[in-house]
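Asks: test case, fold it:
(one chain, ligands or ions: 1)
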Amino acid sequence: MLRSLAPNTTRVAIDFDGVLFRHPRAHAIVARRCDRFVAEKLGISLAVGRELNRATYPAFGHTARALEHLSGAPVSLEEYNAFVYAPDVLAAATDAVRRDAGAHDLARAHDAVRALAARDDSRAFVLTDAPVRWLEAMYAASDLPPPDVPVVCAADALAGRLKSDPEAPAAARDLWGDDVVLVDDSAAIASNFVRGSPWRVVLVAPGPSAMGARLTVARSVHEAIGLL
Ligand SMILES: [Mg+2]
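Replies: Below is the predicted model of the structure:
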């Protein structure tokens, strides 16, 4: 049985995509644009770009970082975000959410975060690698108000570092201290913070739940927040 993870004095950093917001069609629209970004940057076909992106993304935790590895050249996050979260992508994802609101559980996640914020109104925040306009668009598409906790774009807060960056845990400790629980659905990001910080990590993933000293696996954000 899982025991409680943290007292109310612990900060809680919650990921957005894959944790709070899980909408396969909306995420597929973004993923397709990521594939196109890889293809165009490398000058290869979309099909090969897709294969390369899918093969390298898990290890790097972000397409821009995987692309730097593949191309050997720096990839600006501004360029990546401008391409991947372009207005037509936000509009298409908004359409997908409006057509199929029942496919995701942002409303339920929103309630769980609201309950967490009410319990402890300054310690939880959303920490995301996506630009804030993406979150704002998906909350609006879901007819929900913005989250009741601060939304922090990792790259903005961590001097250009994404959560998957090996130096991100040290930068994050400087900002938020050592007593933090990170809730994320990326194994690459979870292992990065387990390795590079004293933060406890909840990996949101399918399958059985389990709790270790540093890494807990939970099936959903509801279960993760229930542990806090
Ligand atoms: Mg995620």
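Asks: isn't V221 right next to A205, touching?
Replies: No. Assessed by CB atoms under 8 Å, V221 is found out of contact with A205, at 11.6 Å. Heads up, the C-betas are built off the backbone N, CA and C, glycines and all.
Asks: what about P208, which SS state?
Replies: Counting by DSSP: H, G, I helix; E, B strand; the rest coil, the backbone at P208 sits in coil.
Asks: quick check: phi and psi on it?
Replies: P208 adopts backbone torsions of phi -60, psi 150, taken as degrees, to the nearest 10.
Asks: who's in contact with it?
Replies: With contact set as CB atoms under 8 Å, 6 or more residues apart in numbering, P208 has these partners: V217.
Asks: pLDDT on stretch 185-205, on average?
Replies: Mean pLDDT, stretch 185-205: 94.
Asks: in that stretch, what's buried?
Replies: 185-186, 188-190, 192-194, 196-197, 199-205 (16 or more other CB atoms under 10 Å).
Asks: and stretch 37-48, by the same measure?
Replies: Applying a neighbour-count criterion of 16+ other CB under 10 Å, one finds F37, V38, A39, K41 buried in stretch 37-48.
Asks: what's the helix or strand for the third one?
Replies: Per DSSP states H and E, A39 falls inside helix 24-42.
Asks: the next helix or strand after that helix packs against which elements?
Replies: With elements assigned by DSSP H and E, the helix or strand that comes after helix 24-42 is helix 46-60. Contacts defined by 3 or more CB pairs under 8 Å, 6 or more residues apart in numbering; DSSP states H and E place helix 46-60 against helix 24-42, helix 63-71, helix 187-196.
Asks: dump the first one to CSV, keeping only the CA atoms.
Replies: Provided in CSV are the C-alpha atoms of helix 24-42 (Å, rounded to 0.1, in the frame of the first residue of the first chain):
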residue,chain,number,x,y,z
PRO,A,24,-4.3,11.7,-27.5
ARG,A,25,-5.6,13.7,-30.5
ALA,A,26,-4.4,17.1,-29.3
HIS,A,27,-1.0,15.6,-28.5
ALA,A,28,-0.9,13.9,-31.9
ILE,A,29,-1.3,17.3,-33.6
VAL,A,30,1.6,18.7,-31.6
ALA,A,31,3.7,15.5,-32.2
ARG,A,32,3.1,15.7,-36.0
ARG,A,33,4.4,19.3,-36.0
CYS,A,34,7.4,18.1,-34.0
ASP,A,35,8.1,15.4,-36.7
ARG,A,36,7.9,18.2,-39.3
PHE,A,37,10.3,20.3,-37.4
VAL,A,38,12.8,17.5,-37.3
ALA,A,39,12.3,16.8,-41.0
GLU,A,40,12.7,20.4,-42.1
LYS,A,41,15.7,21.1,-39.8
LEU,A,42,17.5,18.0,-41.1
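Asks: give me the angle between it and helix 46-60.
Replies: Interaxial angle, helix 24-42 versus helix 46-60 (axes from the mean of the first three to the mean of the last three CA atoms, to 10 degrees): 100 degrees.
Asks: elements contacting helix 24-42?
Replies: The contact analysis (3+ CB pairs under 8 Å, 6+ apart) places helix 24-42 against helix 46-60, helix 63-71, helix 77-84, helix 87-99.
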